[in-house]
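# Whatever this is, show me its structure:
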Amino acid sequence: DQRPALEKVLADLRRDTARIPGISAYPNPVQNLRIGGRSSRATYQFVMQSQDRPQLYEWSQKMADAMGSDPRFIDVTSDLQINATQAVLVVDKDKASSLGISAEQLRSTLYSGFGSRQISTIYGTGDSFYVVMEFTDKINWTTAELPDVRIRNAQGKLVPIGAFARVERIAGSLAINQLGQLPAVTISFNLPAGGSLGSAVEAIEELKAQVKVPRTITTTFAGNAKTFQDSLANQGILLIAAVVTIYIVLGILYESYIHPFTILTGLPSAVVGALIALRLCGMDLSLIAVIGLLMLIGIVKKNAIMMIDVALTTQRQGKEPATAIYEAALLRFRPIMMTTLAALFGVLPIALAIGAGAELRQPLGVAVIGGLLVSQVLTLYMTPVLYVYMEEVAAATRAARAQVARVFGPPWASSRYDSELP
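So this is what the prediction gives:
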């Protein structure tokens, strides 16, 4: 039987569990590739930090409410749980001082009874066991019995805690979360069907301005959202570095400055095809899709490399550049089609989301197929045209060098690479 799509399963679970009173469900797909982040109920995380804990709790709740009411986010939840009941011991310092009880005595007594004070170690044959002090288990210790606990004062008398302190119940945080030694609140969220992480990051910045979060509260992203935001800041430099590296390697391989450029001209068409395919399928440019774009760089380059290798060999035999690249295109058409079809059929199961959890890898297959289809059509026409044009540029450059050599003499004489280098 054909199983429903992952997004439909998650939507059905959210709808069905929302009808059950007292239950809040946050269904998430299993992440095969998860980058850092804090433990949460959703895939993406937004972290708020401040040294002022009450202020942090107040504004993080406002931010979570704003995100929860925005249709660009779903499953918005926060790790801030301030509805827990806490017992607070309020000490009258003046009365405690008059009774001869210091703050250190009170802390030490409570730690001995309810903490984990180690008072001894029992050594066995192969193991050792810690002896921990605690109050007797004959009494069911609750906040009602705490005022009856007695502390010996400086005069040696036993003074009950209730004589100088009282127990109050307040609403407080169930857990104190920190990030980098600062109090932190993590707001987790998922994206609706068709939503992109890039638009979600922009939406959060808009909500921060609308809510008017104080400057004393710092905000950042965590996990996949942080990786995406960092990649936006560095992707231009990384892309330029990758293209320059490929150009240098191809230049060394062909001993030419022009033909590496001819090969690289097929990359823009592959990227455009991948982005169009992702757009048509309603998928965002996720980390998996970026991996597909990286795969395209190697697959698309081989089309131009296969043609230019044959064209250069044919041209060295005395044929014109146009004739050489034409014969190379005819000769290499079948291998190019075979390798392209092999790559297409290889990623087709991924693009069709066949198999358990394949929906998470589907953007990779869609990006590769879209890029291959567009680049396959364009490179078969663009590469021969650019090859002929670049050869004309190289011929003009060689003629200019020869003219300069005749005027200025041997230092400008052409080298043995003039047939290749412009």
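# tell me the secondary structure for Ile176?
Classification of Ile176 using DSSP: H, G, I helix; E, B strand; the rest coil returns coil.
# What's the local residue count around it?
Using other C-beta atoms under 10 Å, Ile176 has 9 other residues around it. Quick note: C-beta positions are derived from backbone N, CA and C, even for glycine.
# mind listing the helices for the stretch 151-300 of the chain?
197-211, 224-254, 259-264, 267-280, 287-316 (DSSP state H, counting those that start in this stretch).
# Select, out of those, the one closest to Ile151.
helix 197-211 (47.5 Å; C-beta to C-beta).
# List the buried residues in the closest one.
Neighbour-count burial for helix 197-211, with 16 or more other C-beta atoms under 10 Å as criterion, is recorded at Leu197, Ala200, Val201, Ala203, Ile204, Leu207, Lys208.
# And for stretch 15-31?
Tyr26, Pro27.
# Start the count at 774 instead of 1 going forward.
Noted, 774 is the first residue going forward, which turns the last one into stretch 788-804.
# Identify all contacting residues around it.
Stretch 788-804 is contacted by residues 779, 782-783, 786-787, 814-816, 848, 850, 961, 963, 1130, 1132-1133 when judged by C-beta atoms under 8 Å, 6 or more residues apart in numbering.
# and which of those residues is nearest Asp865?
Thr850 (40.5 Å).
# Which neighbouring elements make contact with the helix or strand containing that closest one?
When secondary structure is defined using DSSP states H and E, the element that contains Thr850 is strand 847-851. Contact here means 3 or more C-beta pairs under 8 Å, 6 or more residues apart in numbering; DSSP states H and E; on that basis strand 847-851 packs against helix 826-841, strand 955-963.
# Tell me which of the helices of the stretch 924-1073 of the chain sits most buried.
Here the criterion is mean neighbour count by mean count of other C-beta atoms under 10 Å, and of the helices of the stretch 924-1073 of the chain the winner is helix 1032-1037, at a mean of 22.
# what's in contact with it?
Here helix 1032-1037 makes contact (C-beta under 8 Å, 6+ apart) with 1016, 1019-1020, 1023-1024, 1027, 1074, 1077-1078, 1081, 1085, 1156, 1159-1160, 1163.
# and which of those is nearest Val1177?
Met1163 (20.9 Å).
# So the closest one lies in a helix, does it not?
Yes. Assessed by three-state DSSP, Met1163 belongs to a helix.
# Just give the number of residues close to His831.
Rather than His, residue 831 is Glu. For Glu831, the count of nearby residues is 15 (other C-beta under 10 Å).
# wait, I meant Ser1029
21.
# now swap in the one 10 residues further on and tell me
When counting by other C-beta under 10 Å, one arrives at 25 neighbours for Gly1039.
# low pLDDT regions in this protein?
In the predicted model, the chain carries pLDDT under 70 at residues 774-779, 801-814, 910-914, 945-947, 967, 996-998, 1000-1009, 1128-1130, 1182-1195.
# Show the end-to-end separation of stretch 863-882, please.
Across its full length, stretch 863-882 reaches 16 Å between end residues, using C-alpha to C-alpha, to the nearest Å.
# Buried residues in that stretch, which are they?
Judged by neighbour count using 16+ other C-beta under 10 Å, the buried positions of stretch 863-882 are Ala869, Leu872, Ile874, Gln878, Leu879, Thr882.
# among those residues, which two are most distant?
Leu872 and Thr882 (13.6 Å).
# could the helices of the stretch 924-1073 of the chain go into TSV alongside distance to Ala1101?
Conversion of the helices of the stretch 924-1073 of the chain to TSV gives the following (distance: least, C-beta to C-beta, whole Å):
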stretch	distance to Ala1101
helix 970-984	41
helix 997-1027	14
helix 1032-1037	12
helix 1040-1053	19
helix 1060-1089	4
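# Confirm Thr1112 sits in a strand?
No. The assignment for Thr1112 (three-state DSSP) gives helix, which keeps it out of a strand.
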